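Chemist: My questions are about this predicted structure, shown below with the sequence.
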Amino acid sequence: MNLLVSSLLIWLVSAVAGFLGALTGLGGGVVLVPLLSLLFHVDIRYAVGASLVSVIATSSGAASAYVREGFSNIRIGMFLEIATTFGAIVGAFLAAKTPSQAIAIVFGLVLLFSAYYSFKTQHDHSDNRPPDRLATRLKLNGSFPGSKGVREYNVYHVPAGFSLMFGAGVLSGLLGIGSGAVKVLAMDQAMRIPFKVSTTTSNFMIGVTAAASAGVYLHRGYIDPGLAMPVMLGVLAGSLLGTRILVKAKVRRLRLVFAAVVVALGVEMIYHGITGRM
Amino acid sequence: MAKEGQWTDQNIEVIIGVMLRVGVLLAAAVVFGGALCYLVKYGHQPTDYRVFHGEPANLRSVTQTVRSAFQLECRGIMQFGLLLLILTPIARVAFSVVAFEKEKDRMYVIMTLIVLANLCYSLIGT
């Protein structure tokens, strides 16, 4: 296969991944590394590098839209980015020390978790507890435009959320993904932040988290422009299109199909990792 | 509206939104330009990413990447576009330092500086 053909193919696959990722809310980044390594036989380090820069593109593109709607909380985002950027640097250094097989297995497990987590019911916690003292001191409590006017919310369990965010950062740096699922888990489940605020703030944070490991990747020679080019342009085009038609589309069945693909890729990655064919 | 009132969380969010969009589109345009040059020149050559060699030194650091982009090397231009992409969220954080400072929120200025230090360490210090 020559460069032109393989670039077009990789562009196409990335565009489809970005499109489905945006439509289903699973994010396209999580399937890129398995697709590149299983389908195109790309070394996992190049795949991780290309995936990581694409994650910055989609996150920043989507965040620019959400931020204006007033859902994302820039203070929660900035506070937690301390944890994710530290984690991301640690993860990026770990990536160089971890054998490809182990990375493949961890990747597979994260894929399975992401698929599972995308089906969790999206209901908000409405515990009428008094505000948490630490959250109040850190000015994390906020409000967002709900269907019945402005809704206030309180944030709880700050240390637990902060620790989980460190973990999300490590995974992001190790695997070249946005780890949106873990970020939402930390905010929605641990810190009791409303779901819509959690997902949009997570998206907002993904770019900064990924940028924190991208520098390390660059110096390590993981970012190959020839490979990252079709991946980044494809994912960006696909996800922009996906967010456009997100409002009109019925995504339930699509999400089921995409989640099945994610599970299949996860199993495949674990299998390849264990058998040492990575 | 008074001049101080312009630095509300809402206005900051609008500016951040514009910054992110401009950064991503600019980066994508530069990468695309580099891609045209790259594919026209080397499109017929075979590809192989099976074995990891690591990138050559001229595509591994900020200064080297900028240099090879200005020498109009196709791969250098694409790498420079990717660098612009990496810089986009960093610019957002740098802007937030200023924004929190204008809001006179000392605690968040410090937090944002920590995040910025992490990002700079990764990009330059490693």
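Modeler: Here it is on my side, so go on. Numbers count the residues shown, from 1 in each chain, chains lettered A, B, ... in the order given.

Chemist: make it CA atoms for all contacts and neighbour counts henceforth
Modeler: Will do.

Chemist: Any stretches of chain A with poor pLDDT?
Modeler: Along chain A, segments meeting pLDDT under 70 span A:121-128, A:246-251, A:278.

Chemist: would you list every one of the helices in it?
Modeler: Secondary structure of chain A by DSSP state H: the helices cover A:3-24, A:29-34, A:44-69, A:74-97, A:100-117, A:133-137, A:158-175, A:180-184, A:195-220, A:225-245, A:252-275.

Chemist: Also chain B?
Modeler: Ranges of helices in chain B, per DSSP H, are B:9-42, B:62-70, B:74-102, B:106-120.

Chemist: nearest residue to the residue nearest to the spatial centre of chain B other than its sequence neighbours?
Modeler: For chain B, the residue nearest the mean C-alpha position is residue B:87 (1.8 Å; CA atoms, centre = their mean). Of all residues not flanking residue B:87 in the chain, residue A:211 sits nearest, at 7.6 Å (CA to CA, 6 or more residues apart in numbering or on different chains).

Chemist: what sits against the one you found?
Modeler: A:53, A:56, B:86-87, B:89-90, B:119 (CA atoms under 8 Å, 6 or more residues apart in numbering or on different chains).

Chemist: quick revisit: out of the helices of chain A, the one nearest residue B:26 is which?
Modeler: helix A:44-69 (10.9 Å; CA to CA).

Chemist: out of everything not next to it in sequence, what's closest to residue A:273?
Modeler: Counting by CA to CA, 6+ apart, residue A:273 lies nearest to residue A:101, which is 4.3 Å off, once chain neighbours are set aside.

Chemist: Export stretch B:49-57 to CSV, keeping only CA atoms.
Modeler: Extracted in CSV, the C-alpha atoms of stretch B:49-57 (Å, rounded to 0.1, in the frame of the first residue of the first chain):
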residue,chain,number,x,y,z
TYR,B,49,4.4,2.0,10.7
ARG,B,50,4.8,-1.6,12.0
VAL,B,51,8.1,-1.0,13.6
PHE,B,52,8.7,1.9,15.9
HIS,B,53,11.8,3.9,15.0
GLY,B,54,10.9,7.2,16.8
GLU,B,55,10.8,10.5,15.0
PRO,B,56,14.0,12.1,13.7
ALA,B,57,15.5,14.8,16.0
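
Chemist: Is that stretch in proximity to chain A?
Modeler: Yes: between stretch B:49-57 and chain A, judged by CA under 8 Å from any CA of the partner chain, the touching residues are B:49-52, B:54-57.

Chemist: one step back: between the contacts of residue A:211, which is closest to residue A:223?
Modeler: residue A:53 (8.2 Å).

Chemist: neighbours of the closest one, just the number please.
Modeler: Here the count is done by other CA atoms under 10 Å in any protein chain shown, and residue A:53 has 29 residues near it.

Chemist: can I get the helices of chain B in JSON lines with mean pLDDT and distance to residue A:164?
Modeler: Output for these, formatted as JSON lines (pLDDT from 0 to 100; distance: least, CA to CA, whole Å):
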{"stretch": "helix B:9-42", "mean pLDDT": "91", "distance to residue A:164": "26"}
{"stretch": "helix B:62-70", "mean pLDDT": "93", "distance to residue A:164": "31"}
{"stretch": "helix B:74-102", "mean pLDDT": "95", "distance to residue A:164": "21"}
{"stretch": "helix B:106-120", "mean pLDDT": "97", "distance to residue A:164": "17"}
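
Chemist: Please identify the deepest-packed of those.
Modeler: Highest mean neighbour count among the helices of chain B (mean count of other CA atoms under 10 Å in any protein chain shown): helix B:74-102, with a mean of 23.

Chemist: From the contact counts, what lies against it?
Modeler: helix A:44-69, helix A:195-220, helix A:225-245, helix B:9-42, helix B:62-70, helix B:106-120 (3 or more CA pairs under 8 Å, 6 or more residues apart in numbering or on different chains; DSSP states H and E).

Chemist: Who are the contact partners of residue B:77?
Modeler: B:30-31, B:33-34, B:65, B:68-70.

Chemist: Looks like residue A:220 contacts residue B:60 (just checking).
Modeler: Yes: using CA atoms under 8 Å, residue A:220 and residue B:60 qualify as a contacting pair, with a distance of 7.0 Å.

Chemist: okay, and the common contacts of these two?
Modeler: By CA under 8 Å, 6+ apart, residue A:220 and residue B:60 have no common neighbours.

Chemist: follow-up on the earlier one: closest to residue A:39 among the contacts of residue A:211?
Modeler: Lowest distance from residue A:39 to the contacts of residue A:211 (CA to CA) belongs to residue A:53, with 19.7 Å.
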